[in-house]
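Engineer: let me see the structure of the following:
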Amino acid sequence: MIQREILQKIKPWLGKEKILIIKGARQVGKTYLLKEIKKDLEKAGKKVAYLLADEIDNKPILKSSANLELYLEQYFNFPKEFIYLMIDEFQVLEEAGLLLKNIFDKHKNKIQLIVSGSSALEINKNSEYLTGRAIHFNVDRVNFKEYFDFREGVDTKRYDLRDFKELEVFFETFNPKLELSMGEYLSYGGYPEVLTTQGAEEKETVLKSIIKIYIDKDIINQLNVENVTGFNNLIKILAGQIGQLVNSHELSNTANISINTLKKYLEILAGTYIIDLVTPYFKNIRSEISKMPKVYVLDIGIRNYLLRSLDMDLNGRGGVIENFVYNTLLAQYGKEYIHFYRTSGGAEIDFVIEDKNNKLTLCEVKYRNKVKAPVIMKNFEERYANVGRKLIITKNLFKKENDAYFIPAVLLPFVDFK
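Structural biologist: The predicted structure follows:
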């Protein structure tokens, strides 16, 4: 089984007076996480109830707080004994947020609620009841480091850039295996079931099944997408322009949908963990470009499937590598901390990352071996005084030059930015 890093972020919150909300796309391993937590809690002698919200037998139990309390009383001696209650896919419940609020407010010293959900749109709709009561955890697809550790049966660590020599030794030792793993990972993406399935044809079949069910059933049907053709066209168009600016008028015309419909569909795609729209970094300077975002897919397998390009040749695929870098940064930073920078003249820095101390990391993707630090980075540093470090993502070039780090793309997931 693939070991998930997010599990170590969740565990410190167990037993505290907080509702834990574990959210992410379908099939990314949320149920696996709940069951791993359940197993550990039960091993420690704790009482745990697990309910799948969209299972028909559980619907009467979850219809109201009174029904739920009675069920827990009969089966788990609640509230006389403390219990951990897990509700999987809780967003399907009507008034889910109100149900959680009522149980929490009445019994917070006798119960901890741990819930999972697959739609940020539905979860956010219920969050108004949970302000100050809940901690959110985003579960992404399997990241490359997790996949490499699983594939090779190792337990690698992340290296601080200050330990440059150690990172160099790691790269020299594992580079052939890293390259091979990266080719596979960027062909099929990060869905756990796909990664653990053997054989190219079988992987493709599993990936197709996940995407078809996710888009057709979970998104189009449940979220009432009226123009299915326009929606499907939009996904394919976005998959083909990863790393590029999103021009709403162009997209609207190409997908043959109105601007208002486009905005709705973009919100759905972002809210169901298909794409991210990354905003520009700006400080009200006139010379910078307008606020159009850039688009990235949250799983390269989805992009490859939609574009019928599952056999990944990394040469000439700069956009795919840039998307890989974005997803890698996302594994350590929240989406709100990652931006891009673009001047009115078209000069661009792929990523500007803010840390919690307002220090900036500049990151430019140049997937080749003959590369210099871009002039735009120096210009940016002269304009903004809070630049901490500069990263240039290369193919195999690994070196440090003044304050610029040249890091191979395949090595980036093993760098600790914290």
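
Engineer: helix or strand for residue 37, which one?
Structural biologist: helix 30-43 (DSSP states H and E).

Engineer: could you list every helix and strand in contact with that helix?
Structural biologist: helix 6-10, strand 19-23, strand 48-52, strand 83-88, strand 111-117 (3 or more C-beta pairs under 8 Å, 6 or more residues apart in numbering; DSSP states H and E). Glycine gets a C-beta too; all of them are placed from N, C-alpha and C.

Engineer: rerun at 6 Å
Structural biologist: Here helix 30-43 touches strand 48-52, strand 83-88, going by 3 or more C-beta pairs under 6 Å, 6 or more residues apart in numbering; DSSP states H and E.

Engineer: for residue 36, which non-adjacent residue is closest in space?
Structural biologist: With sequence-adjacent residues excluded and distances taken as C-beta to C-beta, 6 or more residues apart in numbering, residue 36 is closest to residue 7, at 6.2 Å.

Engineer: domain-wise, how is the protein divided?
Structural biologist: As recorded under automatic domain parsing, the domains making up the chain are 6-138, 144-416.

Engineer: top helix in the protein by residue count?
Structural biologist: Longest helix in the chain by number of residues (criterion: DSSP state H): helix 164-188.

Engineer: what's the first helix or strand after that helix?
Structural biologist: Taking DSSP H and E, what comes next after helix 164-188 is helix 192-196.

Engineer: for the next helix or strand after that next one, give the mean pLDDT please.
Structural biologist: Following helix 192-196 in sequence order, the next helix or strand is helix 200-212 (DSSP H and E). Regarding helix 200-212, the rounded mean pLDDT is 92.

Engineer: again with stretch 401-418
Structural biologist: Mean predicted confidence for stretch 401-418 is 92.

Engineer: name the residues of that stretch that are buried.
Structural biologist: 404-415, 417 (16 or more other C-beta atoms under 10 Å).

Engineer: what does stretch 129-147 give?
Structural biologist: Here stretch 129-147 shows 129-130, 133-134, 137-147 as buried, counting by 16+ other C-beta under 10 Å.

Engineer: kindly report the same for stretch 394-403.
Structural biologist: Buried residues in stretch 394-403 (16+ other C-beta under 10 Å): 394-395, 398.

Engineer: mind listing residues that contact it?
Structural biologist: 164, 171, 366-369, 371, 406, 408 (C-beta atoms under 6 Å, 6 or more residues apart in numbering).

Engineer: go through those and say which is closest to residue 186.
Structural biologist: residue 367 (11.6 Å; C-beta to C-beta).

Engineer: residues near the closest residue to the closest one other than its chain neighbours, how many?
Structural biologist: Nearest residue to residue 367, sequence neighbours excluded (C-beta to C-beta, 6+ apart): residue 321, at 4.5 Å. If you count neighbours by other C-beta atoms under 10 Å, residue 321 ends up with 23.

Engineer: so which residues make contact with the strand or helix carrying residue 321?
Structural biologist: In the assignment (DSSP H and E), residue 321 maps to helix 318-330. Applying C-beta under 6 Å, 6+ apart, the contact partners of helix 318-330 are 242-243, 296, 338, 350, 365, 367, 393, 409, 412-413.
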